[in-house]
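Participant: give the three-dimensional model of this entry:
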Amino acid sequence: MPSRTREAIRVAVLADSDTRWKWGALTARRITATSAEPTGFVLRGRATPTARQLAETGVSADAPREVTGVGFLRAVRDAEARGEGYDVLVLALVGGTVRAVLQGLADLAPERRPVIVTGYVGVVYEKLADGLLLRHGADVVLANSRHDAERFRAVYEGVGAGAESVVEAALPFLGGAPYAPVAGRDTLVFAAQPSVPATRAERVHVLRRLIGHARLHPGREVLLKLRSKPGEHTTHLEEFPFQKLVRELDPPDNFRLVYGHMGEVLDRTDLLVTVSSTAALEALHRRIPTAVLTDLGVREALGNHHFVGSGLLTCFDRLDEGRVPTPDETWLARQGVASDGSYEKAFDAARDRVAALLALPALPPITPYYTAETASGYLPGILARHRLDVTAPEPRESGLRRIVREAARGAYRHGVQRVAPVVRRLGEL
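Facilitator: All right, here's what the predicted structure looks like:
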């Protein structure tokens, strides 16, 4: 089978949330030398993004097509049957779903399989070994920094799996104009996260401190940047949305909730504050003053332990006094966010790796680390949950089916955000 040329590259992206769609679409553009837009698919499930969430990512004028896992595999199979097979697949998914799709693609056994690329949408601060081993088998596992690349290779080599798939790159959505103060503007932005902190008490504490800071500094605009609106879901469950908790408080006029594209919000930011959001890395790349909070501790569960050594760890008391941390330049360089011009070359290695794979006469078989032999009590459950059987009859899509599906999603989200907290409180009586 002849190798594929760069000019003929067809790329598909499968994502399971709004943030992963953003990562996947931007990654696809950076790792392939093609001007064609990637074909987008978004996985139907708990975190399926709304049209508003997809539009807010700002990565494509064309909305991705909503599919099931089986639907995606059928799309890959049918594209090849038409002579329009995909050359590269970017899997912007959680680890278990990546492993299931790898199995589905191996079972499809196309005449010429696509190059499979996967990675992480942000800071990797939990389930490092499990998430990486579930992704093993992809041709390219992108690391967002030198620090991550070293950790990824150590995990793969430590279990005796090949680490040649690990390629150092960077977050694909870094960019924007370098920070420049504007006379008369003083804006603090808090980058909220759906599940960090997780408890109601901790989220209320953060809100009270933000509101207190706004009262202490009436000339400063304090913006709470939210990821989703009530009823929408993101990658992580949000039991206690900030926009509902704030109703119980009495914020001053200079405190506001905002939505929108993070890059556009950073355009008017003078200080970015967060617990552990990837937005901190976006801000640091642009040299925007950045603070990572320790008020709730420095804990793995919060993810702010990732910033140990960064020089960014601080607390609300210090911010109230006007003390802003200074980042450590060595740490910035290791995290791939240094604004020294190196970012422009950050994807060269990944682009070269994909090009080399495309130039091969044939790609090797997909050989994940987790198999029926190495994970006999773990892998079958993962595959069973995803049920990626392309030989099963395809359900007929109808208006009624769509209505029922949306109603089920609404009921699930209502259960997470309303019923579950009540049941939990009753259990504590």
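Participant: show me the contacts for residue 163.
Facilitator: Each residue near residue 163 by C-beta atoms under 8 Å, 6 or more residues apart in numbering is listed here: 152-153, 156-157. The way it works is simple: take the backbone N, C-alpha and C, and place the C-beta from them, glycine included.
Participant: for residue 265, see how far away the closest residue to it other than its chain neighbours is.
Facilitator: Counting by C-beta to C-beta, 6 or more residues apart in numbering, the nearest residue to residue 163 once its immediate chain neighbours are dropped is residue 156, at 3.8 Å. Shown here: residue 156 relative to residue 265, a distance of 37 Å by C-beta to C-beta, to the nearest Å.
Participant: any chance of TSV for the contacts of residue 163, columns secondary structure and neighbour count?
Facilitator: Listed next are these as TSV, based on DSSP: H, G, I helix; E, B strand; the rest coil; neighbours: other C-beta atoms under 10 Å:
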residue	secondary structure	neighbour count
152	helix	27
153	helix	18
156	helix	22
157	helix	12
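Participant: and which of those is nearest to residue 198?
Facilitator: Using C-beta to C-beta, the shortest approach to residue 198 within these belongs to residue 152, at 26.5 Å.
Participant: stretch 340-348: which residues count as buried?
Facilitator: Taking 16 or more other C-beta atoms under 10 Å as the basis for neighbour counts, the residues of stretch 340-348 that come out buried are 343, 346-347.
Participant: likewise stretch 126-143?
Facilitator: In stretch 126-143, residues buried by neighbour count (16+ other C-beta under 10 Å) are 131-143.
Participant: with stretch 323-331 instead?
Facilitator: Of the residues in stretch 323-331, those with enough neighbours to count as buried (16+ other C-beta under 10 Å) are 325, 327, 331.
Participant: what's the spacing between the closest residue to the last one other than its chain neighbours and residue 304?
Facilitator: Spatial nearest neighbour of residue 331, chain neighbours left out: residue 310 (4.6 Å); criterion: C-beta to C-beta, 6+ apart. Computed as C-beta to C-beta, the residue 310 to residue 304 distance reads 10 Å.
Participant: which one of these two has more residues nearby?
Facilitator: Here residue 310 and residue 304 are set side by side on neighbour count (other C-beta atoms under 10 Å), and the busier one is residue 304, at 27 against 21.
Participant: contacting residues for the nearest residue to the more buried one once chain neighbours are set aside?
Facilitator: The spatial neighbour of residue 304 that comes closest, neighbours along the chain excluded (C-beta to C-beta, 6+ apart), is residue 276 at 4.5 Å. When the contact criterion is C-beta under 8 Å, 6+ apart, the partners of residue 276 are 123, 125, 193, 196, 292, 302-304, 306-307.
Participant: and those, which two are furthest apart?
Facilitator: Greatest spatial distance among the contacts of residue 276 (C-beta to C-beta): 193 and 307, at 13.8 Å.
Participant: between these two, who's got more neighbours?
Facilitator: Each of residue 193 and residue 307 had its neighbours counted (other C-beta under 10 Å), and the higher figure belongs to residue 307 (28 against 22).
Participant: per-residue confidence at the more buried one?
Facilitator: Model confidence at residue 307, expressed as pLDDT, equals 97.
Participant: residue 197 contacts residue 277, doesn't it?
Facilitator: No - Residue 197 is beyond contact range of residue 277, at 11.9 Å (criterion: C-beta atoms under 8 Å).
Participant: most centrally placed residue in this protein?
Facilitator: The chain has residue 121 as the residue nearest its centroid, 3.2 Å off, counting by C-alpha atoms, centre = their mean.
Participant: buried sites along stretch 46-61?
Facilitator: Residues of stretch 46-61 classed as buried: 47-49, 53-54, 56-57, 59-60 (neighbour count, 16+ other C-beta under 10 Å).
Participant: and those as CSV, adding secondary structure, pLDDT and distance to residue 39?
Facilitator: Conversion of the buried residues of stretch 46-61 to CSV gives the following (DSSP: H, G, I helix; E, B strand; the rest coil; pLDDT from 0 to 100; distance: C-beta to C-beta, whole Å):
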residue, secondary structure, pLDDT, distance to residue 39
47, coil, 68, 21
48, coil, 80, 18
49, coil, 83, 17
53, helix, 82, 19
54, helix, 82, 15
56, helix, 77, 21
57, helix, 78, 16
59, coil, 79, 13
60, coil, 74, 10
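Participant: next, format those residues as TSV and append distance to residue 211.
Facilitator: Shown next, in TSV, are the buried residues of stretch 46-61 (distance: C-beta to C-beta, whole Å):
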residue	distance to residue 211
47	29
48	33
49	29
53	27
54	31
56	25
57	29
59	33
60	37
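Participant: ok, these vs residue 225, which is closest?
Facilitator: residue 56 (11.5 Å).
Participant: what's the spacing between the closest one and residue 268?
Facilitator: Relative to residue 268, residue 56 is positioned 17 Å away (criterion: C-beta to C-beta).
Participant: swap in residue 70?
Facilitator: Distance, residue 70 to residue 268, by C-beta to C-beta: 44 Å.
Participant: just to revisit the earlier point, now name the helix or strand holding the residue nearest to the centre of the chain.
Facilitator: Counting by DSSP states H and E, there is no helix or strand that carries residue 121.
Participant: is it true that it touches residue 19?
Facilitator: Yes - with contacts defined as C-beta under 8 Å, residue 121 counts as touching residue 19 at a distance of 5.2 Å.
Participant: I'd like the buried residues of stretch 340-348 written out as CSV, with secondary structure added.
Facilitator: Compiled in CSV, the buried residues of stretch 340-348 are given as follows (DSSP: H, G, I helix; E, B strand; the rest coil):
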residue, secondary structure
343, helix
346, coil
347, coil
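Participant: out of those residues, who's nearest residue 102?
Facilitator: Of all the buried residues of stretch 340-348, the one with the least separation from residue 102 (C-beta to C-beta) is residue 347, at 22.9 Å.
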